[in-house]
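Trainee: Sequence first, predicted model second:
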Amino acid sequence: MDEAIDHRALASNVAKWMKTRLAGLVVLGSNGEAPLLEDAESDAAIETARAHVPRDRTLIAGVGRESTAATIQAARRAADVGADVVLVRTPSYFKNVMTSDAFVRHFTAVADASPRPVLMYNVTMFTGVNLLPDAVERLSAHKNIIGMKESNADLVQLSETIARTPDGFIVLSGAAATLYHAFCAGANGAVLAVSAVLPDICVDIFDLVQKQRHAEALDLQRRIVRMGRLLGAMHGVPALKYALDQIGYVGGPVRPPLGALAPEGQRQIREALAELKIGQTTQSGG
């Protein structure tokens with residue numbers, strides 16, 4: 001199997017997403033299979049995305065690595081090829097010593113050296129470590145750390161993080177199951193797998209909450225729950241790629257050790273798309 005990045009497909013996908021109301025794009029997040037790419041591939045993916053993300057939209061590039069030095073190098077390279085913001089996940093291999101103090105040292109060093117603003121990334125379901133509100137509060141004072149993506153569905157932790165950080169500090173939700181509730185708690189936006197498939201619905205939820213139209217927002221939240229679960233904890237990246245293939249984007253194959261979505265998962269995705277009345281004809285423009 002050819003594992004090379006399909007840059008033509010990536011460019012096509014980005015161009016379609018940029019026809020939606022999304023505020024920007026993350027390249028090399030968890031759903032971009034970032035941990036499975038080599039540095040040169042990662043840099044090339046950022047460059048391709050930048051060519052198709054207008055300058056009035058934000059391009060966020062994942063640069064997380066296990067070592068602080070490698071993360072800094074990745075952040076510098078991302079800046080060189082056009083990233084507006086870098087997304088830095090928590091290191092996690094040495095879990096037993098990844099304390100709040102360790103995270104403060106790591107993110108401070110990266111932010112000191114990064115040519116672009118830093119968004120911290122907390123995704124415990126993959127890393128097995130948790131960036132707690134006490135560390136976020138300390139790090140929010142750094143002039144080059146502008147916010148974080150909180151992918152845990154813990155609304156208590158999310159609310160505490162928002163309460164303990166300055167008003168200008170950006171908190172983005174990464175959990176589809178609690179998206180509406182995160183916006184109600186004060187989250188400034190979201191970065192979600194489901195928004196790649198249902199971009200306008202996700203934007204609608206945010207807009208409706210801002211307008212205090214909660215019944216309508218909650219109705220849309222209920223509509224995305226099944227798809228969010230399928231693309232998240234149930235099947236992950238293979239499901240997202242399969243869903244994209246069904247709606248006129250190019251998902252393509254996954255990179256090993258990930259495997260293709262099983263037939264039962266494919267059936268579930270098709271059913272969920274049918275329930276939402278989304279297919280190639282309705283989504284082909286983005």
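Mentor: On my side now, so go ahead.
Trainee: Can you tell me how far the spatially closest residue to Leu132 that is not a sequence neighbour is from Gly29?
Mentor: Counting by Cβ to Cβ, 6 or more residues apart in numbering, Ser100 is the residue found nearest to Leu132 once chain neighbours are left out, at 5.8 Å. Placement of C-beta: from N, CA and C, glycine included. Ser100 is 24 Å from Gly29, where distance means Cβ to Cβ, to the nearest Å.
Trainee: show me where the stretch 101-250 of the chain has strands.
Mentor: For the stretch 101-250 of the chain, the strands defined by DSSP state E, counting those that start in this stretch occupy 118-122, 145-150, 170-173, 189-190.
Trainee: out of the ones you listed, nearest to Gln266?
Mentor: Gln266 sits nearest to strand 189-190 of all the strands of the stretch 101-250 of the chain, at 26.2 Å, using Cβ to Cβ.
Trainee: ok so, going back, dump the strands of the stretch 101-250 of the chain to JSON lines, plus distance to Asp200 and mean pLDDT.
Mentor: Converted to JSON lines, the strands of the stretch 101-250 of the chain look like this (distance: least, Cβ to Cβ, whole Å; pLDDT from 0 to 100):
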{"stretch": "strand 118-122", "distance to Asp200": "23", "mean pLDDT": "98"}
{"stretch": "strand 145-150", "distance to Asp200": "21", "mean pLDDT": "98"}
{"stretch": "strand 170-173", "distance to Asp200": "17", "mean pLDDT": "98"}
{"stretch": "strand 189-190", "distance to Asp200": "13", "mean pLDDT": "98"}
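Trainee: re earlier: the residue nearest to Leu132 against Pro133, yeah?
Mentor: No: the pair Ser100 / Pro133 is not scored as a contact, 9.4 Å apart, by Cβ atoms under 8 Å.
Trainee: about what we covered before: which of the strands of the stretch 101-250 of the chain sits closest to Leu22?
Mentor: It is, among the strands of the stretch 101-250 of the chain and with distance given as Cβ to Cβ, strand 189-190, at 9.9 Å.
Trainee: Not counting that closest one itself, show me its contacts.
Mentor: By Cβ atoms under 8 Å, 6 or more residues apart in numbering, the residues outside strand 189-190 that reach it are Ala23, Ile170, Leu172, Ser173, Gly174, Leu179, Ala182, Phe183, Cys202, Phe206.
Trainee: Tell me the one among these nearest to Pro91.
Mentor: Gly174 (17.9 Å).
Trainee: residues near the closest one, how many?
Mentor: Number of residues near Gly174 (other Cβ atoms under 10 Å) recorded here: 26.
Trainee: cool, Ala233 as well?
Mentor: 13.
Trainee: Quick check: the gap between it and Asn152.
Mentor: 12 Å.
Trainee: now do Trp17
Mentor: For Trp17, the distance to Asn152 - Cβ to Cβ - is 25 Å.
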